[in-house]
Every structure is written in C-alpha cells, then in structure tokens.
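**Student:** I would like the atomic coordinates for the input below:
(chains A and B)
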Amino acid sequence: MATDVSTEQVEKTIFDGLVELGTERDQLSREATLEDLDVDSLDLVELAQIVEDEYGVELRGDDVKDVKTVGEVIDLVVAKAG
Amino acid sequence: MPPEGWALVTGSSRGIGAATAEALARDGWPVRVNYREDEEGAREVVARIESEGGRAEAIQGDVAESADLERLLAPGEEGPVLVLVNNAGLRLDGLSPQLGDEEWQRVIDVNLTATFKATRAALGPMLRARFGRIVNVASIVGLRANAGQANYAASKAGTIGLTKTVAVEVARRGVTVNAVAPGLIETALTEEILDGEMAKAIPARRIGRPEEVAACIRFLASEEASYVTGTTLTVDGGLSA
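**Tutor:** Numbering: from 1, shown residues only, chains lettered A, B, ... in the order given. Sure thing, here's the model as predicted:
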C-alpha cells in the first residue's frame, strides 16, 4: 500500500539503505551520483526492496534505468508514493 | 547456520515435490507444502514431516496465478522464503503439427513463466538476507530431444537458461540458483508413459525414485553447496551421459 510520505522520510530511508549496502555516510548527498558511490545494478535492486518494504512502492527496472543521482532516486520514490 | 526463513516447494503434494519437502524438513527448514488440487496429498506430506519432528504447513495455490504466488511467497513467522524449489509442472504432450495453442501456452505458463515469477518475487528478501537457495526442477527433456514434447522441452530448456542467467546476476550476494534435470522418475507425471522397455535404455537399468531427485535438491539447497551456482545436475541413471 503506497502512503503519503515526506521527502525527508524518503531521504533518510535511501541514505540508511545505501549505508547498509556499503556506502560511507559522509559521501552521501542528493547530488552524489550512483556511479561515484559505486552503487551497482544489484544494489539498486536491493534499494528497491527496502523502499517496497518501507512504503509499499514498487520500483521496476524501467523506473530506475535513467536515474543518475541519489536525489533522483529520492524524488522518484516520493513521486510514486504520493 | 543460514538465517531464519521458510522453504517453499511448489507442487509438493506428491512425487518429487513431496520427497523434496520431506528432505528439506529433515535439514531443519520449516516447509510450505504447496498444492493446487491435492489437499489430501499435501496434508499427508505435512503429517509425515511432523511425525519426524519437522515443521510444515500445507498451502493451496496455483503457481500460474500471480496473486497465489504472492501469497505462497509472503513472509511468515519464521521470516522470508529463503529456499525456493520451483517444482510444480505439467505436461500436455502431442506432436508439434498437432499441438494446440492452449497446450503450448499452459505448459509454458506453469513450467517456465511461473518459475520466473516465483524467482523474481523471492529474490528481494534473499538478497537482503545475503542467503538464498533457488532450485528449479527442469528435465533431461530440456537438454535432449523427446518427440511429442515440444512445449515441455521448450519450457524446461527455458528453465535451464533462466537458471544460469539469474545465477550470475545474484551470485555475489550469497544467493545460488541451480537446476536439476531428472530423467525417467516414478511420478504421477510419468506413470502413464513408463514401461519396462524404457528401463533398458537407461544405463542404470531402472527408473529413478523421487527420493533420489530430492537428495540432489536437498544438497543444492544446503549451506554446503554455497559455491555451486548456475549448474544443472542431471539425475537420470546415466541416460544423458
């Protein structure tokens, strides 16, 4: 079930998720690119699972194929959950 | 020890599935014994598991129905499904010129598409757990020709391709994906086609038993098989050697 969520909530979820996947917290920002953070395609799949568990929002391959930055991931989740 | 979770064996009210459910329960997994119609058979499997001190539950569901699959794979008290055995299958034989669209599609839907959908749904929790075992029940008919089974062969060859591809996608997360390819095994699926003459073509000179396939699945689902992924293990008495 998708629920209304704030950008701040999603940002925390995504940041915590990326740290869980091995990213250093001090490297995280909305502007950071997934490539610079070494976030690979499988990490994105896991991140999608975290988002689905948390917000009931499904992110499929097509949804994330053009996403480049952490901020774009956050905005995508907020838009889908809204 | 692997993380806490369930084993789901699709189509496990009888035959290879039932033997696999019992084998996994002996390894300590709580098992979901899935059935589509044979509730009595599934309950008997659960009873046998419980009589040996294992844990199991019978769960109805048609793997070709997405909503049913979602229910079969939902996390339970024991956690997520961490061992998935895609065993449910059927055959609707006929020579290719006479094979109808429905017979083609039904076999592909149950044997191949449902295997993909179940795998896709199971992978998320497995990746997060850094542990998962998926074993797909293919067939030697996916490796070598058998006249009258174009649909079945395509579904099983597809299952083997699916197995290899998913295996390499997720190998770095501790999730393994393998297949077994049984030959002639005494099951309800084969009882009408098996005869004594067939055994003569098998180097072992006999038909296989479901328990012999289950033993291989049990190994592939074990922690000991942690470095085995993307493989197809033939269990056929040497028939395809």
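**Student:** need the pLDDT of residue 74.
**Tutor:** Because you didn't say which chain, this covers chain A. pLDDT, residue A:74: 93.
**Student:** other chain: chain B
**Tutor:** Residue B:74 is given a pLDDT of 95.
**Student:** and the residue lying closest to residue B:176 once chain neighbours are set aside, what does it touch?
**Tutor:** The shortest distance from residue B:176 to any non-neighbouring residue, by Cβ to Cβ, 6 or more residues apart in numbering or on different chains, is to residue B:229 (4.0 Å). For every residue, glycine as well, the C-beta is placed using N, CA and C. Contacts here follow Cβ atoms under 8 Å, 6 or more residues apart in numbering or on different chains; on that basis residue B:229 touches B:167-168, B:171, B:176-178.
**Student:** secondary structure class for residue B:229?
**Tutor:** coil (DSSP: H, G, I helix; E, B strand; the rest coil).
**Student:** how much space separates it from residue B:53?
**Tutor:** 31 Å (Cβ to Cβ, to the nearest Å).
**Student:** related to what we said a few turns ago, now rank the contacts of residue B:229 by neighbours and give me the top one.
**Tutor:** Highest neighbour count within those, by other Cβ atoms under 10 Å in any protein chain shown: residue B:177, with 28 neighbours.
**Student:** correct me, but that residue touches residue B:138?
**Tutor:** No - between residue B:177 and residue B:138 there is no contact under Cβ atoms under 8 Å: 11.9 Å.
**Student:** what residues are shared contacts of these two?
**Tutor:** Joint contacts of residue B:177 and residue B:138 (Cβ under 8 Å, 6+ apart) are residue B:163.
**Student:** how about the contacts of residue B:229, which pair is most distant?
**Tutor:** Pairwise distances across the contacts of residue B:229 (Cβ to Cβ) peak at 12.1 Å, for the pair B:168 and B:178.
**Student:** overlap in contacts of the two?
**Tutor:** Shared contacts of residue B:168 and residue B:178, counting by Cβ under 8 Å, 6+ apart, come down to B:229-230.
**Student:** low-confidence stretches in the chain?
**Tutor:** Since you didn't name a chain, this refers to chain A. Within chain A, the segments meeting pLDDT under 70 span A:1-4.
**Student:** hmm, no, I was thinking of chain B.
**Tutor:** Where chain B drops to pLDDT under 70, the residues are B:189, B:191-196.
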